[in-house]
Each structure stands twice: as C-alpha cells, then as structure tokens.
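Asker: Sequence plus predicted model, see below.
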Amino acid sequence: MTTSIILSIAVIIIIMLAMAGLSELTYQFFGKGKKLKLIIRSDENFEKKLTIEGGDKLLNTLQNKGYHIPSGCGGNATCGQCKIKLYTDMGTYSPTETPLFDRKSRSEARQFLEKGIGDGYTRLSCQVRVDKDIDIFLPTSTLQVKKYSARLIKKTQLTSDKCEIGLRPLQKFDYKPGQYIQIGLPEDYVEQHYRKYGEQISCFCKERGKDYIPYTPGIDLYRAYSIATIKRDVIKLITRVAPINPRVQIEDGGVPCLGPNCTQEYIQDKSIWNLWAGEKVRFTGPYGHFWLKKEKHKAVFVAGGAGLAPILALLDQWFAEGRKEKVYFFLGERRFQDIPMQYISKWLHWQKIHRSFKFIPVMSGAFRGDDPSELNEIDKECFFGTSEEHQRDIIKHGLIDKSGEKWLGQTGFIGPLLTNYFKQDDPKTTFYLCGPAPMTVTVIDSAANTIGLKKENVLFDDFTGTLTPSLDLIYQKLIISKMFKQLGLHHADKDIEKMTTILIIKLILRDKIDESYIFLDKVKEILAQQSEKESHLNKLFKEYE
Amino acid sequence: MNMLSRYIRLISKFFLRDNYIISAAAGLGFCSALAVTNKMENSLTMGVGVVFVTCVSFCLVYPFKKLIIASGTHHKITLLMIIISIFVTIFSLIVQATIPRIALNIKAYIDLITTNCIVLAVIAEGLTFGFWDAQKKILKACLGYSIALIFLALMREPLGFGTLLNFRILPESFPVVVLMVTPVGGFFALALWRFMLRPLFVKTGVVYQDNVLQEQEEVTDIETPPKKERPAFEIPGKLIIIIVLGVLLVISLITSIKAVTSLNSQFQILLPIFLSALFFDGIVLSKLLGICPLLNKSRQVDAAWKMGVAVVIVVTLSTSLNWLVYNKVLIGTSNYLSSISPVPIRLEKIFYLTIFIVTIATFVQILGVLLRRFAMDTYQQMGQFLELITVNCIVLASSTFTIPSGLSFMATTATAFGFGLHWLMVCVWLSLLRRHRLFVPFNTWDEDSVAILLLGIMAAIFTGIGAIAIF
C-alpha cells in the first residue's frame, strides 16, 4: 500500500521534472540571452547600473532584480499598471498595449520614436522585451524606500491654521534632526477632497498655467512633513492648512490645497474626515540633507509658516549638544496670532538662560492687508488666552505693550532687517532657512548682498525643487552686480535694483527657472558689448516688466 | 457616526471598487462567473473554491518565493500552476465527497479554477508584497469575485427557477424566464448588472467617475480616422470563396463517395464533432470560456487575428500532446501500479489536471523559445500572444472536456481544432462589431459591457443555428 502510494507520487514528480527539464534544456540550448546593461534613473540624480540577461520581459527582469513594478494582471497587458518611462528606443507599442494608452502619450511616443523629440516615452513594461542595452526611469516610490506605519497619538491645535501631531512609529525608525518624512494621505480623503474641490482646483491651475492632475484611483499620494523634534519615540510634525490661492483665504471660502502642509483639514477635530487618535498612518522616509553642520559656527535660523518644524528640531539639537556660539532665530509670520503660543514662552525662556540665543519674531502682515503692529481681535484673543505668566514674559521682552494693544516687535520682511543685526563679514555664519519660497529667496538675496553670505553656508530644505537653482541664480546675479560696479555705469545701483526685482519677483518666485537663466545670460551679453549698454539694458528691463 | 459611515464606505469600496467582474475597467474571471451563476448554491461553492485555492496555494507558494523568482520566468508560471492545480484537485475531491449534487453540475468549472485569471494574477502579484499584505489583496480580489457571483445568482436564480437556494420565493404562477438559466442568459444578466449597478456605484462613491476630460479625448479619438488596419493575412475575397468551395467539395466527395473506406468512416465521425465544436457547442458561446482574453484582445482587429491564430495552434497541438501524455503515460503507469499494488491506484483520476497544465505550460514555453530562436519574424508577430495563452482557460478546457471522457485521438484533436477556430471566429467577429461602436462609450468599462451584450446576442444566434438539424 505505502510503496504503491510512494511509487505513484514518484511517478508524478518524475513526469513533472521531465517536463521542466525539457523546457530548461530547450531554454539552455536556444533561448539564452546575452548579457546586457540596464541603467535605472530616478529623481535626485539617482542612477544605478545593472547587468542583466537579455531576452526576457522588462517587467520580469526588473522583478528578478528586486524592483517591484505594480502589475495587476501578472504581465498580460490587461491592467495597464506597469507603465514605465524608457529613455531608449525599444520599438513601438505592441498591438496588445495600444488600447491602454491615451492620445497624448501615443503622440508623445510617436514624436520620440520618429523624430527623436522629447526625452523618452512610456510603455507597458510587461510588453517590452529586453534585447539591447536599456535606460529607464523609475519613480522614487518604486525604488527601495523603507515603508513604516505609525499610530497618531496626539493632536494639538497650535494656531488657527497650524496643528501639531504626534506619531508613534510601530517599527524602529531612525532619523537625523532636520529630515522629513512623507505621509501617505488616506485615499478616501483625497478622493473626497477632489470630489469637493476638483473643479475649483482645475480652474486655479488653468489660471496659473499649471497642469491639472486629476485624481486617479489607486495612486498613493504622499505629502512631505518635516520632523519637529529630536526625540525618537514620538515623531512630532507641524501641519499647516494653506489655501491653494494665497489671495483667497480659507475663511473666505478658499480651497485648501492638498499640498505639503495641508491635510490639516482631515487632522482637525471639527472636520468629518479627521485622523483621530489611534488611527494608523503610513509613511516613508526619512529624506533630506538639512542637517546641522558639525564644525563650530555662528548660526542664523530663519523659519516661516510650517517651515518652523525642521528649525525646531535643529534648535533642539543645538542646545542639546550644548553649543555655545551665537544663534539668531528669525521667525517670520503674518500676524501675532500665527505665532504658536505654546512655543513662544519656550523661546523666551531660552533667551533668558542662553546668552548666545536671540529670538526675533517678524510680523509681515502679508496677504491680510492690515497693519500687523495693531493687534486685532483674534490676536488679542490669542494673547489673553495664554497664562498670566506667559503674558508677563511676552510684555517683559518688549514684544507687546502693557495694555496688550500694540505689537512692539519687528515688522515688515526679514531681508532688510538683517543689516541691523549683522555688520561685518563673518565667513563662518551659516543660514538655515525653511519657509515659504518668497521669504527664503529674499532673505538669501539680501544676506548675500549686505553681509556677504557664502553660497556654501546657505542650507535649506528644497521641497519644491526650485530653491537649489534659485540659489545658483542669486549668486550669479551677485557676480553680475559686481560687473556693473566695475564697469562704472551711470545708474549702476538703479539698474542692479531693477535687475533684482525682475529676477526675483517676476521670474524666480513664479517658478520660471529656465527663463531666469536666459534673462541673466542676456544681461551678461549686454555688459560684454562695447557700446550703448544702458539703452540696451533699459530695453531688456522694459521687456520683462 | 461619521466614523461609521466612513468605515461602511471603506469596506464597500474595498470589495466593490476594482472588482474584476462588476466594476474594474479590465475585467478578469468572467468565464466561471457566467457559467455557474444560474444557481445560488453553485455560485457559493465556486466562490468558496476560489478563495480557498488562492489563499492556501499562496501560503505554499510564499515560502518558496525566492526559489520561484530565481528559477526564471520560464519556470515561474509552470511552478505556480502546479501548486494551484494541486489545491484545485483537493478542493474538487472535497466537493465531490460532501456535496455530490452540486459537484455534478459544476465539476468542469471547478477544474477550471486552475486557469481562472484572477487566481494566477493575484498570486503572481502577491509575490511582490509581504505575506499579510498579499493575503489582504488576495482576499480582496477573491471575496470581490465571490460577491459578484452572488450578485449575479441573486438575479438569475429567482428569475430563472423562481427559487433561491432551492427555497421557492416567487409564486408558482410567476412566469419563469428560462433565458436566465441558459448560458445565453448569463451574458445578458452580466451586462444588465453592469449597466444597472454602475450609476448606483458612481452615486455612492464606490466607483470613481472618470474624468470629464478623458471623455472628450475619447470622442476626438473617434473623429480622427483610425489608421488603416489590415488583417494579418491578406487573401483576396474571390480566392477565399474558391478555397472554401473546394474544401467543401473534397469533404462531400470523401463523405459520400466511399472511395477510401477507412478515410470515409473517419470523416463520418469527425466532421459532426468538428462542426459541433466549431458552431453549435462552441467554447465561448455555449461553454462560456475564454471570455477575458476575448474582451481584451477584441479591441483591435489586428490583435484579434493574431491572438486567434495563436490560440488555434496552441489549442490543437497541446490538446493532442495532452492526449498522448494522458493515455500513454498516465494510464500506462496506473495500470502497472494497480497490477503490483493491493489497491487499485488510478493516477489519471486525481492528477489529470496537474499533468495537463504542466504539459501545456511546457509546450508553450518550448514553442516560444524555439520560435524566438528560429523564426524571429513570426515570433514578433505572435510571440507575445503565445505566452499569454498558458493561463487561458480555453486550452485547459479543451483538454479536460475531451480527454478524460475517453475520446479517440483524432476526435480529441478535431474537437480542439474546432474550439480554437471557434474562438478565432468569435474574437474577430466581435472586434469587427466593436469597431463600429454602437454608441459612444464614456469609458472602457461601458465599452466592455457593450461587448458582453454583443457576445450575448451572438450566443443567441448560435443557439438558433444549433437548433437546426443538419445531419
């Protein structure tokens, strides 16, 4: 009995092995591909070279190498999820995959394949057979990024639009202060958001000339948040709700954007879509290189809005390490009500015990159109809402007058203020900036102009990807201004000022990086000319104004 | 309260969004959904079967994840198929032992869980995730499938029999819609469900309404004349007629003039078998198999032709190969084993599914490799279709339907050839019909529903032809 059962099983296994052996033999003799090179590119100059065996489908090749491309149908060209951008011409669409591409991508592909225009085209990776060296693009999310999950354990309202949330990671999570994480937005929130505001968002995008990306089910949306603490067990983040159009505030019916700091609507209690304590949150990270420098140096921290978070972490680290050098902390906010009351007493306390620390809040009143030095109702409410001791502290430091009616601290923008605090060049002064782009760019510009800040001493967190080229532009502009002075033109100062406003306000802050480079090149060209420099310059400036 | 409504929404979305049968744009797993849903008990059994097979076989596959990935693509599908087919066999035996009445009805379709597109798709995808994530995805897909089956049965059984789970729920006097019980009714029921449920899903937010922009794009797509598509094989119309007439003449000569007796007698048997496989008892229109590739590949005439030809070749050759393996190897060894062991051991009763699927997978792999090596042109034309065929239910079905019932070699081959040609015919026909868009569809989802409706009409026509007695 047993022998016969064993025998029968053996027979079945032998048959299968024979089949497998047959197919393996055929493969070994006829189907073996040659060795090829595969280059994977991604954002942030990621590049990886792999040696692969040709002849297989790209999807399988990548899967064998550990890169998991989502594919619902298992390589049957049915689901259309495994789309991959190729930089190499791997032939046109196979008949199976054509229906899965829309007209736009089809015409792009045609352009790339026939005329060589554009930098690549998309295909289903399960239909691309690798028969030559290939060069592909993978989004960072597909590359090896560690995924974590955490529970929301704390949620505090800081100001009317800022919120502090505490996450307890469920796995061991290690990071350096100043780094950020990306939180996966719950898909149903995103969908609800687009259902509610989709039309308004697309209107706004049209107005601004941006591409409107409609909600596509199944695609995870991640938003970046900086970690605002140096503690490992509970990650503290600061979220801020911003309107998509800064001119229409949310109180006036503006649309909150799903931008880097905007899931707050879902995090607040009053919303029906709230993340409540205990809810599971997925996140990836840590990312970024916004770290404190190791060597001794004088530091200037500039924070604004939700950009406060990494600066908080860096300040914490600064004092935890017991550094003794001079520290300036500029906090740019619109009104008094936007300063988190919980933190202000902490900073004032630091100022008391550390002689080296100086806290300078600057109220701009931007976009609200009123004078920040007159406290309005909400400001007063915030002020009198704090404890007596805090009020006394704030008054003692000369930020608010005794009656609680007036803001006595700095007003305006941070850039022009810098000359009040820094006189001479100090090559080791380092600026740490995080905040809205207008603030960051203007501060860098005026610091470079007035106190001779070195380019390598400017550190920031480049969320949008435009800050790094902006920095380069500003320093190029600085060189050009020097050329102006050397040439000794008539209205050199005026021209420099004009060039600065055009470059920063008209071009950089509108994300026109390429045009900015063209503009600077044009200015350089004119300066290199022999004659009629001034009239040419005037013409150029008029053109851009 | 708010949280409750959110959870309800989340759960319903979990099962119903991207449900391969009811709501996903690219549908998979239609075959069994149509065939077994005329009774609630059948649907339940089928649903349990799919969930069981997928979950359990994934548990077995997962530890060998590294091995399966390392063994290369040419073994991956074969390995997965072997494991799946073993569990299908186990489930099939359990069903036969416990509920023989139902097993009798849907035995054929339980066997075909092996090639159910959903099973292989989720297992292959699951290999790229962690264990529990993958199980969650598998549960989502399989339970979604079961829910869809239950939905369909909820409609078909009361209308067709007046009963639900064999309890009478409609009065005897209620007119019974026989259409709902027949295979043809399956198509209509599914198309109807998809049309009826869609607005409801969109309204409740279970399904996300596609963007308005895309609709416009699709409309402009129609306005520009699509680039002229020519079928892969260009033969002038006259020639086709002459060839067909000639073939008919030869056939009639052989059948009526008894010149060569043996040949004549063979044809007397084979021709009816072939014709019935080709027209009257076709694999798509009356056995309701091979529908997922049909729907996907009939979007373009060119693809339909190539896929059809590939199917004809693979179905015919692999079925005859299977016959050899089954009758010579399997039955031979069983006979030998039975003779030496005290209890009779019939391997072919248990392992036929595994053997069939291994043979098919190996055959397709070898064919692919050889074509790629020696006939690159042909391979570039048809290669990609060839590899899709391993997991195609038609190929396995044409083996399981004919070989275990003990047909002769020639009869099996003729049936398989008929099945293949039938698939080719329906696919090309459907793609031609779809090109003439009956109404401007908003999305692929609606278009697929229309295609299912078209299939239903075609099935109705063929049932009509089948009623005419030719022989």
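Answerer: Perfect, I can see it now.
Asker: Could you check how many residues crowd around residue 165?
Answerer: Since you didn't name a chain, this refers to chain A. Neighbour count for A:Ile165, taken as other CB atoms under 10 Å in any protein chain shown: 23. Every residue, glycine included, has its C-beta placed from N, CA and C.
Asker: that's the wrong chain, I meant chain B
Answerer: Using other CB under 10 Å, B:Leu165 has 11 neighbouring residues.
Asker: Over to B:Leu453?
Answerer: Other residues near B:Leu453 come to 18 when the count uses other CB under 10 Å.
Asker: which non-adjacent residue is nearest it?
Answerer: In this structure, B:Leu453 finds its nearest non-sequential neighbour in B:Ala191, 4.2 Å apart by CB to CB, 6 or more residues apart in numbering or on different chains.
Asker: who's in contact with the one you found?
Answerer: Neighbour list for B:Ala191: B:449-450, B:452-453, B:456 [criterion: CB atoms under 8 Å, 6 or more residues apart in numbering or on different chains].
Asker: Save those residues as a markdown table, and put in pLDDT, secondary structure and distance to B:Ile389 too.
Answerer: Shown next, in a markdown table, are these (pLDDT from 0 to 100; DSSP: H, G, I helix; E, B strand; the rest coil; distance: CB to CB, whole Å):
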| residue | pLDDT | secondary structure | distance to B:Ile389 |
| --- | --- | --- | --- |
| B:Ser449 | 82 | helix | 25 |
| B:Val450 | 83 | helix | 26 |
| B:Ile452 | 86 | helix | 22 |
| B:Leu453 | 87 | helix | 26 |
| B:Gly456 | 88 | helix | 25 |
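Asker: Compare those and tell me which is most surrounded.
Answerer: Ranking the contacts of B:Ala191 using other CB under 10 Å puts B:Ile452 first, with 25 neighbours.
Asker: for the helix or strand containing B:Gly49, packing partners?
Answerer: Using DSSP states H and E, B:Gly49 falls within helix B:40-61. If you count contacts as 3 or more CB pairs under 8 Å, 6 or more residues apart in numbering or on different chains; DSSP states H and E, helix B:40-61 packs onto helix B:73-98, helix B:100-111, helix B:117-126, helix B:131-161.
Asker: okay, the ones you listed in CSV with distance to B:Trp305 next?
Answerer: Below are these laid out as CSV (distance: least, CB to CB, whole Å):
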stretch, distance to B:Trp305
helix B:73-98, 25
helix B:100-111, 29
helix B:117-126, 22
helix B:131-161, 31
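Asker: and among these, the most buried is which?
Answerer: Highest mean neighbour count among these (mean count of other CB atoms under 10 Å in any protein chain shown): helix B:117-126, with a mean of 25.
Asker: Is chain A within reach of it?
Answerer: Yes - contact of helix B:117-126 with chain A (CB under 8 Å from any CB of the partner chain) involves B:117, B:120-121, B:124-125.
Asker: got CSV for the residues you listed, with pLDDT and distance to B:Leu28 too?
Answerer: As requested, the residues of helix B:117-126 next to chain A are arranged in CSV below (pLDDT from 0 to 100; distance: CB to CB, whole Å):
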residue, pLDDT, distance to B:Leu28
B:Cys117, 77, 4
B:Leu120, 80, 9
B:Ala121, 77, 6
B:Ala124, 78, 12
B:Glu125, 75, 12
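Asker: which stretches of the stretch 401-545 of chain A form helices?
Answerer: Here the stretch 401-545 of chain A has its helices, by DSSP state H, counting those that start in this stretch, at A:414-421, A:437-450, A:467-487, A:492-501, A:513-528, A:533-544.
Asker: before we move on, back to that, what's the next secondary structure element after the helix holding B:Gly49?
Answerer: Following helix B:40-61 in sequence order, the next helix or strand is helix B:65-70 (DSSP H and E).
Asker: For that following helix, name the packing helices and strands.
Answerer: By 3+ CB pairs under 8 Å, 6+ apart, helix B:65-70 packs against helix A:58-64, helix B:73-98.
Asker: In contact with the residue nearest in space to the middle of chain B, which residues?
Answerer: Nearest to the mean C-alpha position of chain B, counting by CA atoms, centre = their mean, stands B:Gly290 at 2.8 Å. Contacts for B:Gly290 (CB under 8 Å, 6+ apart) come out as B:31, B:283-284, B:311, B:392-394, B:397, B:423.
Asker: neighbours of the closest residue in space to A:Gly409 that isn't next to it in sequence, just the number please.
Answerer: Distance criterion CB to CB, 6+ apart; nearest residue to A:Gly409, sequence neighbours excluded, is A:Leu399 at 4.6 Å. Residues lying near A:Leu399 (other CB under 10 Å) number 21.
Asker: Got the phi and psi for A:Leu399?
Answerer: The phi and psi values for A:Leu399, taken as degrees, to the nearest 10, are phi -90, psi -30.
Asker: Would you agree it is in contact with A:Trp407?
Answerer: Yes - between A:Leu399 and A:Trp407 there is a contact at 7.1 Å, judged by CB atoms under 8 Å.
Asker: Could you say which helix or strand holds the residue nearest to B:Leu453?
Answerer: Applying DSSP H and E, one finds B:Ala191 within helix B:183-204.
Asker: buried residues in that helix?
Answerer: For helix B:183-204, the neighbour count (16 or more other CB atoms under 10 Å in any protein chain shown) marks B:183-194, B:197-198, B:201 as buried.
Asker: Okay then, goodbye and thanks.
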